[in-house]
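*Asks:* 3D model of this:
(2 chains)
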Number of protein chains: 2
Amino acid sequence: MKKMILLTNDDGIYAEGIQLLGQALFESGAGYDLAIVAPNHEQSAVGHAITMHRPLRVHKARFLHNPDLVGWSVNGTPSDCVKLAVEAILPQKPDLVISGINRGGNLGTDVIYSGTVSAAVEGIILGIPAVAVSLMEGGTEKDFKYAAAFVRDLVPRLLENSLPQGTILNINVPSDSEKIKGIRITRLGKRQYMNSFDRRIDPRGEVYYWLAGELVEGDEPEDSDVQAMLDGYISITPVHFDLTNYDYLPELEKLLHDLLQK
Amino acid sequence: MKKMILLTNDDGIYAEGIQLLGQALFESGAGYDLAIVAPNHEQSAVGHAITMHRPLRVHKARFLHNPDLVGWSVNGTPSDCVKLAVEAILPQKPDLVISGINRGGNLGTDVIYSGTVSAAVEGIILGIPAVAVSLMEGGTEKDFKYAAAFVRDLVPRLLENSLPQGTILNINVPSDSEKIKGIRITRLGKRQYMNSFDRRIDPRGEVYYWLAGELVEGDEPEDSDVQAMLDGYISITPVHFDLTNYDYLPELEKLLHDLLQK
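*Replies:* Next comes the predicted model:
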């Protein structure tokens, strides 16, 4: 059986990033099947939301650059798309989930809010290796194509080598492909936001708030994904979802020892 | 300055769990201020979503059991509530975020989808220690009151002892409080779902899908949160959001060594 790649994103199936990556994978001739199942509209900052209280619908979506390339659009979140693709739409379990290429970086704590990353995480929850790919803000078509070619060339290696269970690769590509210096294996940086809320008054005299997060420049470890972007390197971070803090278990037992003895 | 606790949830501010926990904390007489900021309606399985594309509004919400207890309802997700409370509503930075009591357990991989947990995670992103509390399905008012008293009694200890950076406590309470045998420090279990989608045809002949996840009974480690519920113990798991898989970094460098040398 031919291997199958499931491609999804959170910007929606008609976004430039997934269209160009779909095209690059389709053209690769590397002998795998390509399935594209993605949201029907932008889903940024949805985190790992899933849709339980309304029905999901699936429609065919043609790709702009290539009438032979057909995808499926879903009225749901990136996680919904992966779940639905694997459990209801695809004829076989995919061998790799690729989420992206997102417009805008997913660095540091971004990964907690990121729909792009959550789609990859849904892959590993279902036992499928997965990568999330993002291009920093400001990238143009040329840069998306560069990032798409990078992923296309990485795919055979990912299909041949198993990633550790519960771990995705989170890939970020600097926006200006002409200035890229190389590739770094990184860890998640800090990437802190100053989450100021704009307090405003609506035409009826009622208060409302807009989230207006601004990046705070801070000290970043040299080996972080954030620093890799600043230095002009593609960043690849292994991100795991084994969330138990094992190191802290003994201390917590000490803190609660009297309760545990009851 | 008096210490302040921020209470939130994902079932909405009028849900039994937050109302009874609010009441218990309010009555504790432990000398802290209590601020309640929660969604105006149920937000289950929203994951760590944040609202960027529409304005947030805040309204006063009275508590049913106690007219002196006032909260704030927000037309947003649990993460929105914590962000907005800390950055725009409260007069001081809270010393502890408590999210719950959720109706229904948040065990194992549930924590990735859980709005209850995401509110606590928002706390630690903002540098505030945080706990998430859930009561297993089937709990009645009596059981919520038991869980609320448990949290109330835990709070002074949490205000006095710092949790490790980036780590929340995820607390689950068995539904039948009369049969609780004690407390266990646990790790996250597997808690796998069979995500069957119901495929149906609507009155206009169109296909739609309902997510119909069913729990799969599987082998659980003895020290998991899932097993603690089965055995009748309150479970406390330290859950961290330092998501870099440090252990895998050397192997990934080996896997990509030729790319890194470019």
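*Asks:* report the buried residues of the helix or strand containing A:Gly71.
*Replies:* Assigned by DSSP states H and E, A:Gly71 belongs to strand A:66-74. If you call a residue buried by 16 or more other C-beta atoms under 10 Å in any protein chain shown, then strand A:66-74 has these buried ones: A:Leu69, A:Gly71, A:Trp72, A:Ser73, A:Val74. C-betas here are computed from N, CA, C, even on glycine.
*Asks:* stretch A:41-56 now?
*Replies:* A:Glu42, A:Gln43, A:Ser44, A:Ala45, A:Val46, A:Gly47, A:His48, A:Ala49, A:Ile50, A:Thr51, A:Pro55, A:Leu56.
*Asks:* still on that earlier bit, given the strand holding A:Gly71, what are its sheet partners and their directions?
*Replies:* strand A:33-39 (parallel), strand A:58-63 (antiparallel) (DSSP bridges).
*Asks:* shaky segments in the stretch 151-262 of chain A?
*Replies:* Within the stretch 151-262 of chain A, the stretches with pLDDT under 70 are A:195, A:261-262.
*Asks:* that one: strands as residue ranges?
*Replies:* Ranges of strands in the stretch 151-262 of chain A, per DSSP state E, counting those that start in this stretch, are A:167-173, A:182-185, A:193-201, A:207-215, A:233-240.
*Asks:* in TSV, list those along with distance to A:Glu251 and mean neighbour count.
*Replies:* Formatted as TSV, the strands of the stretch 151-262 of chain A follow (distance: least, C-beta to C-beta, whole Å; neighbours: other C-beta atoms under 10 Å in any protein chain shown):
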stretch	distance to A:Glu251	mean neighbour count
strand A:167-173	26	27
strand A:182-185	30	20
strand A:193-201	30	14
strand A:207-215	33	16
strand A:233-240	22	24
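*Asks:* could you dump those strands to CSV with distance to B:Gly115?
*Replies:* Shown next, in CSV, are these (distance: least, C-beta to C-beta, whole Å):
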stretch, distance to B:Gly115
strand A:167-173, 22
strand A:182-185, 33
strand A:193-201, 18
strand A:207-215, 17
strand A:233-240, 21
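*Asks:* neighbouring contacts of the strand holding A:Gly71?
*Replies:* Strand A:66-74 has contacts (C-beta atoms under 8 Å, 6 or more residues apart in numbering or on different chains) with A:7, A:12-13, A:22-23, A:26, A:34-40, A:56-63, A:80-81, A:84-85, A:89.
*Asks:* if I look at A:Leu64, how far off is A:Ala24?
*Replies:* 14 Å (C-beta to C-beta, to the nearest Å).
*Asks:* which one of the two has more residues nearby?
*Replies:* A:Ala24 (20 against 13; other C-beta atoms under 10 Å in any protein chain shown).
*Asks:* quick one: secondary structure of A:Gly12?
*Replies:* coil (DSSP: H, G, I helix; E, B strand; the rest coil).
*Asks:* closest to chain B among the buried residues of strand A:66-74?
*Replies:* Checking the buried residues of strand A:66-74 against chain B by C-beta to the nearest C-beta gives A:Val74 as the nearest, at 8.8 Å.
*Asks:* pull out the buried residues from the contacts of strand A:66-74.
*Replies:* A:7, A:12-13, A:22-23, A:26, A:34-40, A:56-58, A:61, A:63, A:80-81, A:84-85, A:89.
*Asks:* now the strands of the stretch 151-262 of chain A as a markdown table including distance to chain B?
*Replies:* Shown next, in a markdown table, are the strands of the stretch 151-262 of chain A (distance: least, C-beta to the nearest C-beta, whole Å):
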| stretch | distance to chain B |
| --- | --- |
| strand A:167-173 | 5 |
| strand A:182-185 | 5 |
| strand A:193-201 | 4 |
| strand A:207-215 | 4 |
| strand A:233-240 | 4 |
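*Asks:* closest one to B:Arg187 among the ones you listed?
*Replies:* Comparing the strands of the stretch 151-262 of chain A by their distance to B:Arg187 (C-beta to C-beta), the top pick is strand A:233-240, with 14.1 Å.
*Asks:* what packs against the closest one?
*Replies:* When contacts are defined as 3 or more C-beta pairs under 8 Å, 6 or more residues apart in numbering or on different chains; DSSP states H and E, strand A:233-240 packs onto strand A:167-173, strand A:182-185, helix A:225-231, helix B:249-255.
*Asks:* given the second one, what are its sheet partners and their directions?
*Replies:* Based on DSSP bridges, the pairing partners of strand A:182-185 within the sheet are strand A:233-240 (parallel).
*Asks:* neighbouring contacts of the strand it pairs with?
*Replies:* Residues contacting strand A:233-240 (C-beta under 8 Å, 6+ apart): A:107, A:111, A:117, A:150, A:163-164, A:166-174, A:180-188, A:225, A:228-229, B:243-245, B:248-249, B:252, B:256.
*Asks:* extract the C-alpha set from it and format it as CSV.
*Replies:* C-alpha atoms of strand A:233-240 as CSV (Å, rounded to 0.1, in the frame of the first residue of the first chain):
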residue,chain,number,x,y,z
TYR,A,233,17.7,30.1,10.6
ILE,A,234,15.0,27.6,9.9
SER,A,235,14.0,26.3,13.3
ILE,A,236,13.0,22.7,14.1
THR,A,237,11.8,22.0,17.6
PRO,A,238,10.6,18.6,18.9
VAL,A,239,7.5,19.4,20.9
HIS,A,240,6.1,16.6,23.1
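*Asks:* now A:Val97, what's its secondary structure?
*Replies:* A:Val97 ends up strand, using three-state DSSP.
*Asks:* local confidence estimate at it?
*Replies:* Confidence at A:Val97, expressed as pLDDT, is 98.
*Asks:* how close does it sit to chain B?
*Replies:* A:Val97 sits 15 Å away from chain B, going by C-beta to the nearest C-beta, to the nearest Å.
*Asks:* give me the nearest residue to that residue, chain neighbours excluded.
*Replies:* The shortest distance from A:Val97 to any non-neighbouring residue, by C-beta to C-beta, 6 or more residues apart in numbering or on different chains, is to A:Gly123 (3.3 Å).
*Asks:* list the helices and strands the helix or strand in which that neighbour is found packs on?
*Replies:* For A:Gly123, the element it lies in under DSSP H and E is helix A:115-125. Where contact means 3+ C-beta pairs under 8 Å, 6+ apart, helix A:115-125 is packed against helix A:78-84, strand A:96-103, strand A:130-135, strand A:167-173.
*Asks:* if we can go back for a sec, farthest-separated two in the buried residues of strand A:66-74?
*Replies:* Going by C-beta to C-beta, the pair spanning those furthest: A:Leu69 and A:Val74, at 17.0 Å.
*Asks:* quick check: longest helix of chain A.
*Replies:* As assigned by DSSP state H, the longest helix anywhere in chain A is helix A:141-160.
*Asks:* quick check: angle from it to strand A:167-173?
*Replies:* 160 degrees (axes from the mean of the first three to the mean of the last three C-alpha atoms, to 10 degrees).
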